[in-house]
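Asker: when you get a sec, could you give me coordinates for this:
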Amino acid sequence: MSIPHVVIVGGGISGLAAAWFLTRDQRATVTLLEAGEEFGGKLRVKEVSGVGVDVGAEAMLATRPEAVNLCRELGIEVIPAATTTAALYSRGKMRKLPPGMLTGVPTDLRSLAASGIISLPGLLRIPLDHLLPRTVLHGDVSVGDYVSTRLGAEVAARLVEPMLGGVYAGLSEELSLQTTVPALYRAAASRRSALEAAASVLSDGRKSTGPRKGPLFVGIEGGVGRLASELVDALADRAELKTTSVVQQVRRRASRWDVLVGDGRGRYTTHTADAVLFATAAPVTAQLLREVNDAAATQLASIEYADVAVVTMAYRSAEARHLSGSGFLVPPVEGFAVKGVTYSSNKWSWVSDHARTEAPGGIFLLRASVGRARDPLVSQATDDELLRLAADDVAALCGLPRRPWAHEVTRWEQGLPQYNVGHRTRVAEIRDWLGSTPGIGVCGAAYEGVGIPACIGSAHSAVSTLMQQFAQRREWSHG
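Answerer: Presented below is the predicted three-dimensional model:
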């Protein structure tokens, strides 16, 4: 068998990383097909008031090595966030997040009480966790159900909900404890108290890694969207890269695969490959796999998504001098459309450096996140309406003017997959079903993690599986 040819469907960070891993050691030839007009998916940089800033993902978790390692291979320097001090708006005030939190589950009750995030009745409810009988977990449960049962509804609503909302734009009463906070799930199976379980997770983490050295989050000067553009440049001579290429159908032909592609202007091309790797959102993958593997497609179609938007706004620096830290989260119970705000000029030194020269006295850039699971706001509102809602909320929450100096509204339809209860089992079943269809692989945010490092890791794992299949095929061909 000669060097295999792999068609990758989807040119976001997962598809780009998969193309890199496949071509890095000339293990395969690659055709990368992207339906849109540009590669990068949710890694995207746009200019706002003359400053290029991320309007999708804007940070990479440094505790997972995949993204940092890929940047190193590409010769990209990563830089730490200038500040990670965050706040939470609760009970009518901006309040500093207390230490000792595990996805909103508190372990330092003195600091929590001092923060004012939780009311006195809510605080008095928390210690009942030590008196309640152990919650027996028969399989997966939602984070919200577990936390509200153990610590009370207010902890779930004012701490867990905004933290999960910031990552998944999801609902705590639906999101899987087993998948979104797996360490807590494992500890809860053996500990009577949720407080003890959370404390043990944090303690075990400190014991296994020691005191943290280095930043928790890193970025790239000019935006993490540069990672996508650098990958495209690096792949230009190593892979066939095609935009505006909408895959219409994937069908088996003997031991290979035909991928039918349309350009939106009535012209069609067929690419023949030894394998097809889908780096697309689960509903898109499900549609294309329906005739190939109906069982896997059915499970893929059951993964829900949230529509989200990022509203980037610029203000005069003098108007934002009172703002400190990296930003804040907002619980849905507070009634605002905005679920979180990042002070980009505070968080990333390169943003503030570039912004100083763009207006008299400089400008201050921030980004507001809008959109939650099962909420039609993003799909139904116009850009002007989203801007007005975000700007009005930021004015009320931060004391900024009601109209920014400049703005950019970026929509991410089907932006975030929902890891609802049973997600791990669902993904395992998808992979089991695909095991009966060699030459078909999947990777991306829909499976084991939504962050950039997780997506890169997913791509690496999918590539490894395909290469194992190719190796087995060679063994069979040689008897």
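
Asker: shaky segments in the stretch 151-300 of the chain?
Answerer: 206-214 (pLDDT under 70).

Asker: would you list every one of the strands in it?
Answerer: 217-220, 240-242, 246-253, 256-262, 268-273, 275-278 (DSSP state E, counting those that start in this stretch).

Asker: with mean neighbour count and distance to Gln178 added, can I get those in CSV?
Answerer: All C-beta atoms are positioned from the backbone trio N, CA, C, and that covers glycine. Conversion of those to CSV gives the following (neighbours: other Cβ atoms under 10 Å; distance: least, Cβ to Cβ, whole Å):
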stretch, mean neighbour count, distance to Gln178
strand 217-220, 22, 25
strand 240-242, 17, 37
strand 246-253, 15, 31
strand 256-262, 18, 34
strand 268-273, 15, 35
strand 275-278, 28, 24
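
Asker: columns distance to Ala228 on top of the ones you listed, output as JSON lines?
Answerer: Output for the strands of the stretch 151-300 of the chain, formatted as JSON lines (distance: least, Cβ to Cβ, whole Å):
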{"stretch": "strand 217-220", "distance to Ala228": "10"}
{"stretch": "strand 240-242", "distance to Ala228": "12"}
{"stretch": "strand 246-253", "distance to Ala228": "20"}
{"stretch": "strand 256-262", "distance to Ala228": "21"}
{"stretch": "strand 268-273", "distance to Ala228": "22"}
{"stretch": "strand 275-278", "distance to Ala228": "17"}
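
Asker: right, and those strands - which one's nearest Gly122?
Answerer: strand 217-220 (29.5 Å; Cβ to Cβ).

Asker: against which helices or strands is the closest one packed?
Answerer: Here strand 217-220 touches strand 60-61, helix 66-74, strand 78-80, going by 3 or more Cβ pairs under 8 Å, 6 or more residues apart in numbering; DSSP states H and E.

Asker: nearest to Asp145, of those?
Answerer: Using Cβ to Cβ, the helices and strands packed on strand 217-220 put strand 60-61 closest to Asp145, at 26.4 Å.

Asker: tell me what that closest one is packed against?
Answerer: helix 66-74, strand 217-220, helix 452-477.

Asker: go with 7 Å
Answerer: The elements that strand 60-61 packs onto, with contact taken as 3 or more Cβ pairs under 7 Å, 6 or more residues apart in numbering; DSSP states H and E, are strand 217-220, helix 452-477.

Asker: could I get the ones you listed in CSV, plus columns for distance to Pro121?
Answerer: Formatted as CSV, these follow (distance: least, Cβ to Cβ, whole Å):
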stretch, distance to Pro121
strand 217-220, 35
helix 452-477, 38
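
Asker: if we can go back for a sec, out of the helices and strands packed on strand 217-220, which is the most enclosed?
Answerer: strand 60-61 (a mean of 20; mean count of other Cβ atoms under 10 Å).

Asker: and for that one, what's in contact with it?
Answerer: Strand 60-61 is contacted from outside by 67, 217-219, 224, 451-453, using Cβ atoms under 7 Å, 6 or more residues apart in numbering.

Asker: same thing with stretch 389-398?
Answerer: 89, 311, 313, 323, 336-338, 341, 368, 370, 400-404.

Asker: select from those every entry located in strands.
Answerer: 89, 311, 313, 338, 341, 368, 370 (DSSP state E).

Asker: returning to that earlier point: pick the most deeply packed of the helices and strands packed on strand 60-61.
Answerer: strand 217-220 (a mean of 22).

Asker: just give me how far that strand sits from the chain centre.
Answerer: How far strand 217-220 lies from its chain's middle: 14 Å, per Cα atoms, centre = their mean, to the nearest Å.

Asker: show me what it pairs with in its sheet, parallel or antiparallel.
Answerer: strand 60-61 (antiparallel), strand 78-80 (antiparallel) (DSSP bridges).

Asker: go through the helices and strands packed on strand 60-61 and find the least confident stretch.
Answerer: Ranked by mean pLDDT, the helices and strands packed on strand 60-61 end with helix 452-477 in last place, scoring a mean of 90.

Asker: what residues are up against Leu43?
Answerer: Contacts of Leu43 (Cβ under 7 Å, 6+ apart): 13, 56-57, 224-225, 227-228.

Asker: tell me which two of the residues you listed sit farthest apart.
Answerer: Gly56 and Leu227 (11.2 Å).

Asker: these two: which has the busier surroundings?
Answerer: Leu227 (26 against 23; other Cβ atoms under 10 Å).

Asker: let me know the average pLDDT across the host helix or strand of His407.
Answerer: Here His407 is covered by strand 406-417, with elements defined by DSSP states H and E. For strand 406-417, the mean per-residue pLDDT is 96.

Asker: what is that strand packed up against?
Answerer: Looks like strand 406-417 contacts strand 45-48, strand 305-316, helix 383-398 (3+ Cβ pairs under 7 Å, 6+ apart).

Asker: how about it: buried residues?
Answerer: 406-412, 414-417 (16 or more other Cβ atoms under 10 Å).

Asker: could those go into a markdown table alongside distance to Arg44?
Answerer: Compiled in a markdown table, those are given as follows (distance: Cβ to Cβ, whole Å):
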| residue | distance to Arg44 |
| --- | --- |
| Ala406 | 17 |
| His407 | 16 |
| Glu408 | 11 |
| Val409 | 13 |
| Thr410 | 7 |
| Arg411 | 11 |
| Trp412 | 9 |
| Gln414 | 15 |
| Gly415 | 12 |
| Leu416 | 15 |
| Pro417 | 18 |
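
Asker: share the number of residues neighbouring Thr243, please.
Answerer: Neighbours around Thr243, by other Cβ under 10 Å: 15.

Asker: next, the contact list for the spatially closest residue to it that is not a sequence neighbour, please.
Answerer: In space, and not counting its chain neighbours, Thr243 is closest to Glu34: 4.8 Å by Cβ to Cβ, 6 or more residues apart in numbering. Contact analysis of Glu34 by Cβ under 7 Å, 6+ apart lists 10-11, 242-243, 245.

Asker: now the phi/psi pair for Glu34, please.
Answerer: Backbone torsions for Glu34, taken as degrees, to the nearest 10, come to phi -120, psi 130.

Asker: is it true that Ala18 touches Ala279?
Answerer: Yes. The pair Ala18 / Ala279 is scored as a contact, 6.0 Å apart, by Cβ atoms under 7 Å.

Asker: where do the contact lists of the two overlap?
Answerer: With Cβ under 7 Å, 6+ apart as the test, Ala18 and Ala279 both reach 8, 443, 459.

Asker: any idea whether the first one is helix, strand or coil?
Answerer: Per DSSP: H, G, I helix; E, B strand; the rest coil, the secondary structure class of Ile8 is strand.

Asker: may I have the beta-bridge partners of it?
Answerer: Going by DSSP bridges, Ile8 forms beta bridges with Leu32, Leu277.

Asker: go ahead and confirm it touches Val30.
Answerer: Yes. The pair Ile8 / Val30 is scored as a contact, 6.2 Å apart, by Cβ under 7 Å.

Asker: enumerate the positions of the helix or strand in which Ala428 is found that are buried.
Answerer: Using DSSP H and E, Ala428 maps to helix 423-434. By neighbour count with 16+ other Cβ under 10 Å, helix 423-434 contains the buried residues 423-424, 426-427, 429-431, 433-434.

Asker: and those residues as a markdown table, adding distance to Gln472 and pLDDT?
Answerer: Compiled in a markdown table, the buried residues of helix 423-434 are given as follows (distance: Cβ to Cβ, whole Å; pLDDT from 0 to 100):
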| residue | distance to Gln472 | pLDDT |
| --- | --- | --- |
| His423 | 29 | 97 |
| Arg424 | 27 | 97 |
| Arg426 | 27 | 97 |
| Val427 | 23 | 97 |
| Glu429 | 22 | 97 |
| Ile430 | 21 | 97 |
| Arg431 | 17 | 96 |
| Trp433 | 19 | 96 |
| Leu434 | 15 | 95 |
